[in-house]
Structure formats: C-alpha cells, structure tokens
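Asker: Sharing a sequence plus its predicted fold:
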Amino acid sequence: MAFKTGAAERGEWSYSPALGVGPLRFGMTVDEVVEAAGVLGQTKVGECARHHAIFSPTWKVEVYCRGVAPSPPAVTAYVSQTVGLFCIASDAMHGPQVTYDGLPLVGRDLSELENDAIAYAEAMDVHLRYTPEGYAGPDDPGVVLRGQLVGQVLRSRPLFMVTRDGANTEWDSMPTEEYKVDGQSTA
C-alpha cells in the first residue's frame, strides 16, 4: 500500500512506541536532546510557561534544519525536569517524515491522511483513533495528531509522546504550546 506524503522531500525518522523517534529517546535530559538533535541542525533551548502546578518545570528544545532559510523549528522536543523527554513534534513543512507501519504521518493534508488511515485500518484489521478535534490517525496512545496551517491547507503535525509527571494519559501530557493550530489556541 503506497501513500503520498503531501510534503516536500525531508529526512525520515523511525518511530518506536514508548521508546522515541529518530535519534531522540524518551527520558533524555535537555543536554542529551541537544546532542542527539545536532544531526538535524541548530538547537535553541527555552523554558515553557508553567500553566499547571502538577507538572515539573519543562524545557522546549527547538531544532532548526541546516541550510534552510529562517523558518519554524523542524522538530520541537519537550523535556520535563522529572521524566526527561516526553514529547516530540515534527513540523508539517520542515520536520522529518515519520511513518507508522508504512503510513506517513507528517505534513499530510488531514483529509487525505484520514482516508489513508481508514484504508490502513481496514487492510490491517486494526482500529484507528480520532482526536477531540476530529483528526484521524493510528490507534496508538503515543501518537497525538495535531493540525498545522500551511498556506490554505491544514496539515498533520504529529506529537510522539509518553505520559509525563502528574498526567494520566499522553493527551493530558500535551504541552500547552501544542494546543494551538497556526498560533490559534484550541484549548
């Protein structure tokens, strides 16, 4: 079964449920994330606003592609003081392509991704899952699909996650910064 990515050529990273994506492994410290992300390009580390007292302090590591004109980060990694790396987001335009059992997840037109996810689920006799916003994707608690507006098209920006300190699920663990679609809050 072949799928179109709907995105410009990009590097490919593998996803391992509960382990990590590409060179990034869940549980890494900020320094380990910066070192591992160096394969893609420059990094910028900043603190995240602490919107929920239950969560320990969190850092955001933004990774920018080498040789690309100023652009949004290709990858954004979120690192909790308590559990380490818990969330990895791949930008719809500049991030590496990540597939789930052959199904490309990054930079896809969300309606096309839904059609392909349904076809995948039927062909593999598995379930698919919808987010509260209505985005379809694999039935894997470690994959939370988000939308990112690229031009006039809403494209897929997957988050690869594990549960962080004080949360019950990956959805509860989502960083506040990721509750946005093209800068507009969805919370």
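Answerer: Here it is on my side, so go on. Residues are numbered from 1 along each chain as shown.
Asker: what comes up buried for the longest helix along the chain?
Answerer: The longest helix of the chain (DSSP state H) is helix 110-124. Across helix 110-124, burial judged by 16 or more other CB atoms under 10 Å covers Leu110, Glu112, Leu113, Glu114, Asp116, Ala117, Tyr120, Ala121. Heads up, the C-betas are built off the backbone N, CA and C, glycines and all.
Asker: Tally up the residues packed near Gly84, please.
Answerer: Neighbours of Gly84 under the rule other CB atoms under 10 Å: 18.
Asker: Surely it is in contact with Gly27?
Answerer: Yes. In this structure Gly84 lies within contact range of Gly27 using CB atoms under 8 Å: 4.1 Å.
Asker: Spell out the residue ranges of the helices in this structure.
Answerer: Using DSSP H, helices in the chain cover 30-37, 110-124, 170-173.
Asker: These: which one's closest to Met161?
Answerer: helix 170-173 (4.1 Å; CB to CB).
Asker: Check which helices and strands that closest one sits against.
Answerer: strand 153-161 (3 or more CB pairs under 8 Å, 6 or more residues apart in numbering; DSSP states H and E).
Asker: And the pLDDT for Val153?
Answerer: Val153 carries a pLDDT value of 89.
Asker: Distance-wise, check the closest residue in space to it that isn't next to it in sequence relative to Asp91.
Answerer: Excluding the flanking residues, the one nearest Val153 by CB to CB, 6 or more residues apart in numbering is Asp109, at 5.5 Å. Counting by CB to CB, to the nearest Å, the gap from Asp109 to Asp91 is 15 Å.
Asker: Kindly report the same for Ala18.
Answerer: Counting by CB to CB, the gap from Ala18 to Asp91 is 23 Å.
Asker: now do Arg129
Answerer: Taken as CB to CB, the span from Arg129 to Asp91 is 22 Å.
Asker: returning to that earlier point: next, format the buried residues of helix 110-124 as a markdown table and append distance to Gln97 and pLDDT.
Answerer: Below are the buried residues of helix 110-124 laid out as a markdown table (distance: CB to CB, whole Å; pLDDT from 0 to 100):
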| residue | distance to Gln97 | pLDDT |
| --- | --- | --- |
| Leu110 | 16 | 93 |
| Glu112 | 14 | 94 |
| Leu113 | 13 | 95 |
| Glu114 | 18 | 93 |
| Asp116 | 14 | 95 |
| Ala117 | 16 | 93 |
| Tyr120 | 16 | 92 |
| Ala121 | 20 | 93 |
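Asker: Nearest to Pro57 among those residues?
Answerer: Among these, Leu110 lies closest to Pro57 (CB to CB), at 32.8 Å.
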